[in-house]
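S.K.: Output the structure for:
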Amino acid sequence: MKTKVFIDGSAGTTGLSIFERFQNRDDIELLNISSDLRKDVNERKKIINHSDVTFLCLPDDAARESVSFIENENVTVIDASTAHRTAGGWTYGFPELNPSQRKKIRESKRISVPGCHATGFVSLAYPLKSLGILDPGYPVSIVSLTGYSGGGKQRISEYEDKNRSAEFDAPREYALSQQHKHLKEMKKITGLQREPLFTPIIADYYSGMVTSLPLYTEYLKDKPAPLEIHQLMTDYYANQKFIHVMPYGIEAEYRDFIGGNICSGWDGMRIYVTGNSDRILLTSQFDNLGKGASGAAVQCFNIVTGCEEDKGLQLGVL
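M.R.: Residues are numbered from 1 along each chain as shown. Below is the predicted model:
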């Protein structure tokens with residue numbers, strides 16, 4: 001029997017990317033809504049309750065509204081918005097988070113897909129915090145570079161406008177007030193005592209992300225060397241299909257550069273550990289539309305429906 005799937009917000013960037021990943025799958029029946037009824041409350045409510053799994057690719061308030069429509073207790077919701085990432089009763093959709101997270105996702109009816117910047121940060125900070133290496137009180141700072149697709153249709157339109165300002169030609173910092181919407185989940189999921197100092201940067205390429213977490217070794221437990229941190233991360237993500245800890249010293253291959261766009265179109269993640277005896281740099285490299293959004297949503301769907309976790313996803317060699 002095919003799984004009935006409704007993508008609420010299928011016209012947006014994330015929704016379209018999920019739709020693309022469902023092409024050529026014979027185990028899914030996509031429930032469609034005509035463009036003129038997308039904002040019709042009764043029509044949306046009917047389709048959501050008729051689905052087995054509904055993806056929410058909506059602004060936060062609209063996502064909360066869609067959840068309020070549910071009367072069928074068998075409907076599973078996979079929410080790609082920010083609305084429920086720190087809400088009680090929702091499972092965080094990062095299967096590699098810890099050994100029990102996949103089971104939680106598989107048994108949950110309410111799954112919240114991590115934010116793209118948060119995905120990069122959590123992948124680096126959570127293992128060190130859970131292993132006792134990173135103290136909860138450490139004043140963490142992160143820098144995260146993203147392609148412009150992460151800003152949705154409006155941002156894409158701005159960057160692809162042939163008459164755009166010259167300002168768009170160079171990388172630009174944003175969220176300067178330190179109020180970025182991903183900060184709450186970064187703090188809660190990792191168990192840190194405070195939100196990180198966060199510098200997100202948007203650049204003139206379509207998709208791909210690099211998130212970096214710098215750490216002073218003297219403030220980590222037992223003052224580990226970079227190679228020790230590399231081994232810890234390698235062991236933590238051992239045998240994971242989607243997350244690959246790259247060999248230590250790989251920066252030499254890239255001549256000290258890690259490109260933000262290299263993972264575009266790929267649904268996995270690379271993690272690098274570099275630095276020296278005083279300062280360690282952990283870096284995650286992935287696609288903000290892949291492991292950072294739609295790819296992660298489909299990965300969770302595959303877990304819920306019991307099929308191969310990478311079905312319909314791109315994990316081939318880059």
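S.K.: got any ranges where the protein has weak pLDDT?
M.R.: 250-255 (pLDDT under 70).
S.K.: which helix of it spans the most residues?
M.R.: Counting residues, the longest helix found in the chain (DSSP state H) is helix 116-130.
S.K.: so what's residue 315 up against?
M.R.: 241, 242, 266, 267, 268 (C-beta atoms under 8 Å, 6 or more residues apart in numbering). In this view, the C-beta of every residue, glycine as well, is placed from N, C-alpha and C.
S.K.: ok, of those residues, which one's closest to residue 96?
M.R.: Nearest to residue 96, judged by C-beta to C-beta, of the contacts of residue 315 is residue 242 at 6.6 Å.
S.K.: I'd say the closest one and residue 96 touch.
M.R.: Yes. Applying C-beta atoms under 8 Å as the test, residue 242 and residue 96 come out as touching, 6.6 Å apart.
S.K.: So those two - more neighbours on which side?
M.R.: More neighbours surround residue 242 than the other of residue 242 and residue 96, with 23 against 20 (other C-beta atoms under 10 Å).
S.K.: Flag every buried residue along the longest helix of the chain.
M.R.: 116-129 (16 or more other C-beta atoms under 10 Å).
S.K.: and what of stretch 33-53?
M.R.: 33, 44, 45, 47, 48, 51, 52, 53.
S.K.: for stretch 268-288, same thing?
M.R.: Within stretch 268-288, the residues that count as buried by 16+ other C-beta under 10 Å are 268-275, 280-288.
S.K.: Just give me the closest of the contacts of residue 315 to residue 79.
M.R.: Among the contacts of residue 315, residue 267 lies closest to residue 79 (C-beta to C-beta), at 18.7 Å.
S.K.: ok, the closest one - how many residues close by?
M.R.: 25.
S.K.: helix or strand right after the strand or helix carrying residue 202?
M.R.: Using DSSP states H and E, the element containing residue 202 is strand 197-203. Next in sequence after strand 197-203, counting helices and strands by DSSP H and E, comes strand 209-216.
S.K.: Taking their axis directions, the next helix or strand after that following strand and helix 116-130 sit at what angle?
M.R.: Going down the chain from strand 209-216, the next helix or strand is helix 226-236, by DSSP H and E. Counting by axes from the mean of the first three to the mean of the last three C-alpha atoms, to 10 degrees, helix 226-236 lies at 100 degrees to helix 116-130.
S.K.: hmm, who's touching the following helix or strand past helix 226-236?
M.R.: Once the chain leaves helix 226-236, the next helix or strand it forms, by DSSP H and E, is strand 243-245. Strand 243-245 is contacted from outside by 96, 123, 230, 233, 234, 237, 268, 269, 270, 271, 272, 273, using C-beta under 8 Å, 6+ apart.
S.K.: Residue 78 pairs with what?
M.R.: residue 55, residue 111 (DSSP bridges).
S.K.: tell me the contacts of it?
M.R.: Taking C-beta under 8 Å, 6+ apart as the criterion, residue 78 is in contact with 53, 54, 55, 56, 93, 111, 113, 297, 300, 301, 304.
S.K.: run the last query once more with 6 Å
M.R.: 55, 111, 297, 300 (C-beta atoms under 6 Å, 6 or more residues apart in numbering).
S.K.: Repeat that for residue 270.
M.R.: Going by C-beta under 6 Å, 6+ apart, the list of residues near residue 270 reads 244, 246, 285.
S.K.: Correct me if wrong, but it is in a helix.
M.R.: No. Assigned with DSSP: H, G, I helix; E, B strand; the rest coil, residue 270 falls outside any helix and is strand.
S.K.: host element of the closest residue to it other than its chain neighbours?
M.R.: Nearest-residue entry for residue 270: residue 285, 4.4 Å, with adjacent residues in sequence omitted and distances by C-beta to C-beta, 6 or more residues apart in numbering. For residue 285, the element it lies in under DSSP H and E is strand 279-286.
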